[in-house]
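> Predicted model follows, preceded by the sequence.
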Amino acid sequence: MRALEITTQDALTGPVLEVLGALDYDTAPELRDLIAAVPLRPGQRLVIDLAGLEFCDSSGLTALIVARNHAHAVRAEIALAAVPDHTLRLMNTTGLDRIFPLLPDREAATRP
């Protein structure tokens, strides 16, 4: 399993974070710290692209909740793109699939 790597890009709808590797107890603080530093304005959509996510535990899910709370605090939207099956199962079990917009890919998530 590869170490966590996060890249940030801008789309017309707002910032896009691409998360690659493992999002777990050891690496989730990196995502939480980055989320706090991402400039996000009201009306924008923060997209977290999980297509390259290899592993996610409860700490990773907590980091995603932190991202959701950050977006809502500034009156922005959030969407998760390309959620892998292993993470989607966790989200279904915990009910998080009902609080996050889940879109099939980055293109769908960044469409205005």
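Yep, that arrived.

> How confident was the prediction at the spatially most central residue of the chain?
In the chain, the C-alpha nearest the mean C-alpha coordinate belongs to I48, at 3.2 Å (C-alpha atoms, centre = their mean). As predicted, I48 sits at a pLDDT of 98.

> A helix includes L40, no?
No: going by DSSP: H, G, I helix; E, B strand; the rest coil, the assignment for L40 is coil, not a helix.

> how many neighbours does it have?
Residue neighbour count, defined by other C-beta atoms under 10 Å, stands at 20 for L40. No exception for glycine: its C-beta is placed from N, CA and C like everyone else's.

> For it, give me the pLDDT.
For L40, the predicted pLDDT is 96.

> my read: it touches L46, true?
Yes: counting by C-beta atoms under 8 Å, L46 is a contact partner of L40 at 5.7 Å.

> Mutual contacts of these two, please.
14-15, 70-71, 76 (C-beta atoms under 8 Å, 6 or more residues apart in numbering).

> Just the ones in strands from those, please.
Cross-referencing the shared contacts of L40 and L46 against strands under DSSP state E gives 14-15.
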